[in-house]
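Engineer: Need coordinates for the following:
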Amino acid sequence: MLVKVFGAAVQGINATLITIEVNCTKGIKFFLVGLPDASVKESHKRIVSAIQVSGFKYPRQQIVINMSPADIRKEGSAYDLPLAIGILATSKTIMADKLPDYLIMGELSLDGNILPIKGALPIAIMAKENGFKGFILPTENAKEAAVVEGLEVYGVENIRQVVGFANNELELEKTTADIGQEFLQSQSNFEFDFSDVKGQENVKRALEVAAAGSHNIIMVGPPGAGKSMMAKRMPSILPPFTLEEALETTKIHSVAGKLEKGISLMSRRPFRSPHHTISNVAMVGGGADPQPGEISLAHNGVLFLDELPEFNRNVLEVMRQPLENRKITISRAKYSVEYPASFMMVSAMNPCPCGYYNHPDKACVCPGGAVQKYLNRISGPLLDRIDIHIEIVPVAFEKLSDSTPAERSAEISKRVVKARRIQAERFRKTPGIYCNAQMTSRMLLEYAAPDAAGLQLLRTAMDRLSLSARAYDRILKVSRTIADLEASPHVLPVHLAEAINYRNLDREVWAG
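Structural biologist: You can find the predicted model right below:
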């Protein structure tokens, strides 16, 4: 008897339909074809044990299974459940009538329990697009898949429940998710708030400008000045997720298996902070079985790189293209996958190896040339992609002991959201451009051209501060964002003056 069961393969952040054909004939052998990897081949042992321990009879016949299309590599243990259901259907242990209407995925343990899988959300989206009535998957992943409207989602805990459902002996409970309610409840729930930060008003202002235009920013200051503290609070002032952004970000975390248990949809922008010992592959993604890297897990959110010069230079250099293109393509001999990587990079570093260059109280003990050598660990092309450079000095005792509460993140966020709305209207006819940081040189001429007084100010700054040529475009982008924060239709000299102050590391005299 030939039976067809339907599953899915995840490639990148999208899923492809997999048809599992199971045929039982006379004999005793087991054949599994269709380009399965080692973990799929090992499923035979898990399936036999799960079927027998669950009280069903494993057929004593020759079983041939084909996983179609055969040119797509099948990876992972999530095919255990559909394979087992196909085998039980061919032996007539269960009725096959319902199987064409449902997509089935799940990993089996030896006792027949069903373990969670990766990529439930993209699989559910694909199931809906292909006209399936429902999706049967592990209970732990059910809320995640229930985000997709118009698809019946059933979470199951063991193989006996699937058999009972197929034989009309058991009614499974549909899993539902109130997306709007969950979305609104947790959007303003932040562990860290800028009201906790004493002083550092100039740095807060720089971070507000960065958030308003999605500009990359680097903070330079001595240990204990508050760089990491403020970086952790960046998500609290970024604009709330749109539903489209939330779905796309959730898909990435689902594929990587990083979605928190019981979460149906990510409602807050991600904040990723990898250690400086991270490898190239872990940062940008890839591997033998390609997985999203940190830059993709930070998509639509913040990637915080603390102690930037301590990162391996190769790791930083592979980020240059994704920073520009906002996506990463990982190519293999037979296929390539593309992961989105539109993130805001927030980085922090000490000014020198000892950490006290330009400190108001402590003397720097680094030898001559050490400051410039330390800064040179960050290449010019990477620094070119960082729009805002801000120096931080330690907070004075008077401000630390001041009990007056600082401005809350919610107040800063209102100004950021207002500026982003102006940008959304400005770029609504330009596909792929959503914020000032993404503007091209041609767009700068149209939207950020300074007047005569502004041009004179720029010329003077370039000459006196020895600013590099690469600083010119960055200054215009940042000044456009500052103007948006003030709802100004034009870039004025005062906006340019503030933007010029955010190019510290471009000054030839900065490192002595």
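
Engineer: Spit out the contact partners of residue 84.
Structural biologist: By CB atoms under 8 Å, 6 or more residues apart in numbering, the contact list for residue 84 reads 47, 50-51, 108, 159. (Glycine included, C-beta is placed from N, CA and C.)

Engineer: Can you lay out those as JSON lines showing secondary structure?
Structural biologist: As requested, the contacts of residue 84 are arranged in JSON lines below (DSSP: H, G, I helix; E, B strand; the rest coil):
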{"residue": "47", "secondary structure": "helix"}
{"residue": "50", "secondary structure": "helix"}
{"residue": "51", "secondary structure": "helix"}
{"residue": "108", "secondary structure": "strand"}
{"residue": "159", "secondary structure": "helix"}
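
Engineer: Closest one to residue 434 out of those, please.
Structural biologist: Distance to residue 434, by CB to CB, is smallest for residue 108 among these, at 43.4 Å.

Engineer: Output the contacts of residue 84 in CSV; the columns should cover pLDDT, neighbour count and distance to residue 257.
Structural biologist: Listed next are those as CSV, based on pLDDT from 0 to 100; neighbours: other CB atoms under 10 Å; distance: CB to CB, whole Å:
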residue, pLDDT, neighbour count, distance to residue 257
47, 96, 26, 22
50, 96, 25, 22
51, 95, 22, 26
108, 96, 25, 17
159, 96, 27, 22
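
Engineer: And those, which is closest to residue 259?
Structural biologist: residue 108 (21.1 Å).

Engineer: what residues go with each domain of this structure?
Structural biologist: Listed domain ranges for the chain are 2-166, 185-426, 439-512 (source: automatic domain parsing).

Engineer: want to throw these into a markdown table with distance to residue 178?
Structural biologist: Shown next, in a markdown table, are those (distance: least, CB to CB, whole Å):
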| stretch | distance to residue 178 |
| --- | --- |
| domain 2-166 | 10 |
| domain 185-426 | 9 |
| domain 439-512 | 35 |
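
Engineer: List just the nearest of the contacts of residue 84 to residue 366.
Structural biologist: residue 108 (59.3 Å).

Engineer: can you pull the contacts of that closest one?
Structural biologist: 43, 46-47, 50, 77, 80-81, 84, 114-115, 159.

Engineer: Just the ones in strands from the residues you listed, please.
Structural biologist: 114-115 (DSSP state E).

Engineer: can you redo the contacts of residue 108 as TSV with distance to residue 351?
Structural biologist: Formatted as TSV, the contacts of residue 108 follow (distance: CB to CB, whole Å):
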residue	distance to residue 351
43	55
46	56
47	60
50	60
77	49
80	55
81	56
84	60
114	54
115	49
159	61
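
Engineer: Relative to residue 488, which of the contacts of residue 108 is nearest.
Structural biologist: Nearest member of those to residue 488, counting by CB to CB, is residue 115, at 56.2 Å.

Engineer: picking that back up, wait, which of the contacts of residue 108 is closest to residue 260?
Structural biologist: Checking those against residue 260 by CB to CB gives residue 115 as the nearest, at 16.8 Å.

Engineer: Could you report the neighbour count for that closest one?
Structural biologist: By the other CB atoms under 10 Å criterion, the neighbourhood of residue 115 contains 16 residues.

Engineer: ditto for residue 116
Structural biologist: Using other CB under 10 Å, residue 116 has 18 other residues around it.

Engineer: ok, now which ones touch it?
Structural biologist: By CB under 8 Å, 6+ apart, residue 116 lies in contact with 107, 138, 140-141.

Engineer: Now tabulate those in CSV and tack on secondary structure and pLDDT.
Structural biologist: Shown next, in CSV, are these (DSSP: H, G, I helix; E, B strand; the rest coil; pLDDT from 0 to 100):
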residue, secondary structure, pLDDT
107, strand, 96
138, strand, 96
140, helix, 93
141, helix, 93
